[in-house]
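Asks: Give me coordinates for this.
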Amino acid sequence: PGYEGQWCQTCKNCDKKCGEIRACAECNLFNTGPGKYTDTCGDCSYLKALHVEDIRPNQYDPRKSKTISQNGTCKIVDDTGCDLTFWYGYEDEYPENDSDDENDDYYYEDDEDDDGTLVVWTSNIDKVCPPLEDKDVAEACSKKTTCMDCSRSPGCGWCSSPHLEMKSRCSSIKENEKMCPTERREEKFNSVPTIIKESKEQTSRWSKAQLHPQQVELAMNVGDIQYLDFTYLFISSGTSLTHDLPENVDLKIFSSCGGDNLLTEISRCSGIFNGVTVKFYARFHLKSCPEKSSDWEKSYKLTLSQGDVLDIDLKMFCSCSCDKFSTDGICRNDKKTFLDINPCAEKNSCSECLQDSACNWCSDSKFSYFDGSPLPRCNNDNFFTSDLCNGNGKVDPPRALTGSEDCSTCNHTCSGGICEEHKQDLLDLNMCVSQLTCGDCMKEDGCAWCPQTDGAPRCNLVSKWIVGNEKRNDPNKHECQEDLYVDRSTISTDKIEFLQNSDYIYEDSPMPDMTDNTVEITMKEGQSYNLELLLKINLAHRNYEENQKFGEVKLMMKS
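Replies: Numbers count the residues shown, from 1 in each chain. Purely as a prediction, here's the structure:
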C-alpha cells in the first residue's frame, strides 16, 4: 500500500515517512540534524542504522534481504550543507545476533511492531558535500564575477577595494581576510536568531501568553541553516502550524508534541492536555535569494491554528554594499560602476527619467537601500533597486514621455512624493531631503525642518541651514524664512537624591507612589537614552541587614 507505477517503483508517502524518521536517521547515520541539535540521538533505539561499507560477509544486508518491505528513499540537506541520501524499510526477520560468524547468523521476528524492525542505511557515496579544503573553496569562488553572485555562494567572500588590482575579487572567506582590508570586505551575516519580543502584554490574570517568543529576527546568508526554539502552552488539545515564508526558505518544524513521543517533523500536535507546555524546534534553510529584491528583507508569519502568531523578521544577504551609487567600491571583476549597469540613475528628475522607456522613478519618501542609505530615484526597469520602491510610489508608464509631457499629469504623477533629487545629497547620505512632513523630519538623525523656504527642501541636514548671523556665501546652504525646528530631545542632568521611607516594611500592601521624584526627558523616536538609577538599599531602612530581601524595584515611565 502507498506504492504505485507498473513496478511499484513510486512511493506516494515517502516524503511523509522521511519527515517522521529524519531526526533519528540523520543523527544516527550522519551525526547531524535536529536530533543532534536537541541531543536526542539516544532516544532512537526503535531503528537500526547501517553503513553499507561496514557490512561484512555473512552479515545482514538490507539491500539483499527478501523479507524487507515498505522501502523508501529520503533525500535531505544536512546542517553542514551536504546532500544526503538514505534508504529505509521494515524488516520482518532482523538478525538478533548480527555477527559475521556463519553459525551465529540466525533471525528472529520482531514482536514489538507488526511492521517489523525499521532499518535505515546509506553509503559514503550518498553523501555529497560542498568543497571543504580552503584551496578548493577559493577555486570555486574565483569563478564568480560579481559581488552579488559571490555573496550568494557559501564560503565565499568579496573584496571591493579600488586600491587593489585583482584578477578575481571573489575568494574563500579565509583568503579574503588575508588579502583584503577589513573595511573593504563585504561581510556576510554571522548571527543566531534574535528575540525581539518575548511575550505579549498580559491584560488580565487570565490572559497568559501561550506562545514564546512572539517576534524574532533572522539574518541569513544563502546556504545557512538556523534553529529557532519556541514553546506553546496548550489550552485547546491541539494546534496546526502554517507559515507564509517564500519557496526559497525551507522551514521544517520538529517536536515530540509533549510526553514520551519521539522527535519528528510535524505540522500539527494533538491530544495535548490542558496546561501542558510543548517545545518546538524550527529549522530554517535559506536555499537561494528571492527573485524580487523587495523580498530580501521582509516580515513573515508562523501561525498556530488558535490564532497565535510568531512574527519572523527575515533579512537575507543577497546584495553588497558596493552596489550603491554613493560608494567607490568595486562590485564586478570588469570594474563596471553602478552607473554603467544602471544608467537611468544619472537622471535627476521624474520627467527627465520617464522620457526613457527603460527607466522608472520612485517618488516614495521611504525609498532607500537596506542599510537606510539613499538611492537614486531613477532606475533601470530590470535593476534590483527598482523593486525596492513601494508600489504606490513607483512611476513607470507603459511608454516614454514625449517632450510635451511631464510628471505632473494625472496618468503618471509624482505628486505627493519626491519629484527631483540632487546627487550631492546621495553622496552626503542625506536622508533628510526625502522627509515630507515635520514629524518624519524630526525622526531622522541630524535633520531640521523649515516651514517656509526659498525653494529648498523643507527638511534638510542642520548643517545645510544658515543659522543666526551666518553669511550666505555657501551655495549648498539655505536660509529658513521662519523659525527652524531642530531636535529638541533633552534629558535632565540634575542629580536627584531622595530618601522617602516611613521605616515601615511593606509586605502585603503596595509601596506608595513617589510622585515627587521625577526626571523630565524629551525623547525622539528611534534614539536611545541612558538613565542611571542608583538604589542604596542600606539607606532605605534603619534596621537594614545584609541578608534582608526585597521584592522589586520599578522604574515607571509615562508619556
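
Asks: Just give me the neighbour total for the nearest residue in space to residue 362 that is not next to it in sequence.
Replies: The spatially closest residue to residue 362, leaving aside those adjacent along the chain, is residue 389, at 3.6 Å (CB to CB, 6 or more residues apart in numbering). All C-beta spots, glycine's among them, are computed from the backbone N, C-alpha and C. Other residues lying near residue 389 total 23 when counted by other CB atoms under 10 Å.

Asks: residues contacting residue 389?
Replies: 360, 362, 364, 367, 379 (CB atoms under 8 Å, 6 or more residues apart in numbering).

Asks: Could you check how far it is from residue 297?
Replies: 14 Å (CB to CB, to the nearest Å).

Asks: Next: residue 481.
Replies: Counting by CB to CB, the gap from residue 481 to residue 297 is 39 Å.

Asks: more neighbours, those two?
Replies: residue 297 (15 against 11).

Asks: Quick one: end-to-end length of stretch 295-309, please.
Replies: The straight-line separation of the ends of stretch 295-309 (CA to CA, to the nearest Å) is 20 Å.

Asks: Check stretch 198-208 too.
Replies: One end of stretch 198-208 to the other measures 13 Å (CA to CA).

Asks: same thing with stretch 54-72?
Replies: Length of stretch 54-72, first residue to last, CA to CA: 21 Å.

Asks: Also stretch 256-266?
Replies: Start-to-end span of stretch 256-266 (CA to CA) is 9 Å.

Asks: again with stretch 128-139
Replies: With CA to CA as the measure, what separates the two termini of stretch 128-139 is 18 Å.

Asks: can you start the count at 138 instead of 1 from here on
Replies: Happy to do that; since the first residue is 138 now, the last one works out to stretch 265-276.

Asks: Return the closest of the contacts of residue 526 with respect to residue 576.
Replies: Nearest to residue 576 among those, counting by CB to CB, is residue 501 at 16.6 Å.

Asks: Any idea how many residues pack against that closest one?
Replies: By the measure other CB under 10 Å, the count of residues near residue 501 is 20.

Asks: residues near residue 411, how many?
Replies: The tally of other residues near residue 411 (other CB under 10 Å) stands at 9.

Asks: returning to what we had before: mind putting the contacts of residue 526 into CSV with secondary structure, distance to residue 656 and pLDDT?
Replies: Conversion of these to CSV gives the following (DSSP: H, G, I helix; E, B strand; the rest coil; distance: CB to CB, whole Å; pLDDT from 0 to 100):
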residue, secondary structure, distance to residue 656, pLDDT
497, strand, 50, 95
499, strand, 43, 95
501, coil, 39, 93
504, coil, 38, 93
516, strand, 48, 97
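
Asks: tell me which of those is nearest to residue 193?
Replies: Here the nearest of those to residue 193, counting by CB to CB, is residue 516; it sits at 65.1 Å.

Asks: where does residue 447 fall, helix, sheet strand or coil?
Replies: Under the three-state scheme (DSSP: H, G, I helix; E, B strand; the rest coil), residue 447 adopts strand.

Asks: Using the three-state scheme, assign the nearest residue to it once chain neighbours are set aside.
Replies: The shortest distance from residue 447 to any non-neighbouring residue, by CB to CB, 6+ apart, is to residue 439 (4.2 Å). Following three-state DSSP, residue 439 is assigned to strand.
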